[in-house]
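K.L.:
How does the following fold in three dimensions:
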Amino acid sequence: MAPDHEQEQWRPSADMAVLRLRAILLYRIRQFFYERHVLEVDTPILSHAGNPDVHIESFRTFYDGPGGSHNLYLQTSPEFAMKRLLASGSGPVYQICKAFRDEELSRIHNPEFTMLEWYRPGFDHHQLMDEVQAFLVHLDLLAPDESVQKFTYQQLFQHFADIDPHTATREECAACVRLHAIQMGAGRSVPSEASIEYSKDMLLDVILTHIIEPELRKLSFIFVYDYPQNQASLAKIRHGNPSVAERFELFGKGLELANGFNELTDNEEQLQRFTQDQAVRKERGQQDINIDQYLIDSIRNGLPECAGVAIGFDRLLMLACGKQSLEEVLCFPFGRA
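P.N.:
The predicted structure follows:
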């Protein structure tokens, strides 16, 4: 006879009170956008093109039926299809959908998850941060008289790690990693060997995840904005000293919840970034990803000036009900799917 815990694997991992709260939050999200005249849309989960971002891995599948055989990708987000709608004159749009990423499985990662994404023509990333704050108030995750703290990426590193990420050398970043590895102790150590083999960008990521994010857990919500230029992804770059990517992230209790951009509207630059990502993926031995030519064509046709944000709904639900893992808020996580 199988052990009791194996016999119970057919059950949902989240209790019914959490699933009821999940349904209530989804209703209130739709209410928020209905009141603001933002159109709900439903775009395909399957696509002939994937996301070439070097930090994201797509699931592949295969179609073999009428019309021929095709390699397809499960969407990592609905962004590309939603931008095609924006270029077609849809106006502001939002979507609640499933997204898929072939990445780590952990307390805060599941290969299949629920994403909320919306786009606002005429907004920049600062105006969208204000709307995200109003969204948190609407969901009773933030008091009406409370404001979300804001740090530039530079201020975040200066405040919590005493280092300027734009001007620091690789050696200074390595010294910061070694220093905090000693201070934080064995239980929360930073990999000091990283100071030998990692690039500056990799070291900055170690500082963020191992030194700064633990400090953010003491705070409620914060926005981090104006990231380094080489972390632009699909955001516009504001040239200056230093040049920065016009994007933001929202953290709640140290948990990354949202990623927002003042969206790039130059099709030639977007194609160049995708091509560069493909080259890096090839160099690293990652899977080759088809570029979404439909997206490039839609931007060429005239993607309006806009800002967009993606929010991990399951993580948001974790905060709303005080849970510590995705297993506690999903019906059937990866291990029970």
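K.L.:
Could you pick out the longest helix of the protein?
P.N.:
helix 16-35 (DSSP state H).
K.L.:
mean confidence score for the helix or strand following it?
P.N.:
Of the helices and strands lying after helix 16-35 in sequence (DSSP states H and E), the nearest is strand 39-40. Here strand 39-40 scores 98 as its mean pLDDT.
K.L.:
Quick check: which element contains the closest residue to Gln293 other than its chain neighbours?
P.N.:
Excluding the flanking residues, the one nearest Gln293 by CB to CB, 6 or more residues apart in numbering is Ala49, at 7.1 Å. C-beta here means a position set from N, CA and C on the backbone, and glycine is covered the same way. For Ala49, there is no host helix or strand (DSSP H and E).
K.L.:
And the pLDDT at Ala49?
P.N.:
On the pLDDT scale, Ala49 gets 94.
K.L.:
mind listing what it touches?
P.N.:
73, 80, 289-295 (CB atoms under 8 Å, 6 or more residues apart in numbering).
K.L.:
Selecting buried members of these in ChimeraX, what would you type?
P.N.:
This is how ChimeraX selects the buried members of the contacts of Ala49, with burial counted by 16 or more other CB atoms under 10 Å:
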select :73,80,289,290,291,292,294,295
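K.L.:
these two touch, right, Gln127 and Cys306?
P.N.:
No: the pair Gln127 / Cys306 is not scored as a contact, 10.4 Å apart, by CB atoms under 8 Å.
K.L.:
what's the overlap in contacts for the two?
P.N.:
Counting by CB under 8 Å, 6+ apart, the residues touching both Gln127 and Cys306 are Arg120.
K.L.:
which of the residues in the longest helix of the chain are buried?
P.N.:
For helix 16-35, by 16+ other CB under 10 Å, it's 18, 22, 25, 29, 32-33.
K.L.:
again, but for stretch 98-106
P.N.:
Quick answer for stretch 98-106 (16+ other CB under 10 Å): 99-101.
K.L.:
From one end of that stretch to the other, what's the distance?
P.N.:
From its first residue to its last, stretch 98-106 covers 18 Å (CA to CA, to the nearest Å).
K.L.:
Can you list the neighbours in contact with it?
P.N.:
Contacts for stretch 98-106 (CB under 8 Å, 6+ apart): 45, 56-59, 74-78, 109, 111-115, 334.
K.L.:
filter these to the buried ones?
P.N.:
In terms of neighbour count (16+ other CB under 10 Å), the buried residues within these are 56-58, 74-78, 111-115.
K.L.:
Tell me which other helices or strands whichever strand or helix holds Asp226 touches.
P.N.:
Assessed by DSSP H and E, Asp226 sits inside strand 221-228. The contact analysis (3 or more CB pairs under 8 Å, 6 or more residues apart in numbering; DSSP states H and E) places strand 221-228 against helix 125-138, strand 149-152, helix 153-161, strand 244-252.
K.L.:
ok, now with 6 Å
P.N.:
When contacts are defined as 3 or more CB pairs under 6 Å, 6 or more residues apart in numbering; DSSP states H and E, strand 221-228 sits against strand 149-152, helix 153-161, strand 244-252.
K.L.:
List the strands paired with the helix or strand following it, with their directions.
P.N.:
Per DSSP H and E, the first helix or strand lying C-terminal to strand 221-228 is strand 237-238. Counting by DSSP bridges, the strands paired with strand 237-238 are strand 244-252 (antiparallel).
K.L.:
now the strands: where do they sit in this structure?
P.N.:
39-40, 46-47, 60-65, 68-74, 93-100, 112-121, 149-152, 221-228, 237-238, 244-252, 255-262, 306-312 (DSSP state E).
K.L.:
Of all those, which one is nearest Ala14?
P.N.:
For Ala14, the closest of these is strand 112-121, at 12.6 Å, according to CB to CB.
K.L.:
Need the residues that contact the closest one.
P.N.:
77-78, 82, 86, 92-96, 99-100, 128, 304, 306-308, 310-311, 313-314 (CB atoms under 6 Å, 6 or more residues apart in numbering).
K.L.:
Now that we have these, which of them are buried?
P.N.:
Neighbour-count burial (16+ other CB under 10 Å) applied to the contacts of strand 112-121 gives 77-78, 82, 86, 92-96, 99-100, 128, 304, 306-308, 310-311, 313-314.
K.L.:
list the contacts for Ala310?
P.N.:
77, 115, 117, 259.
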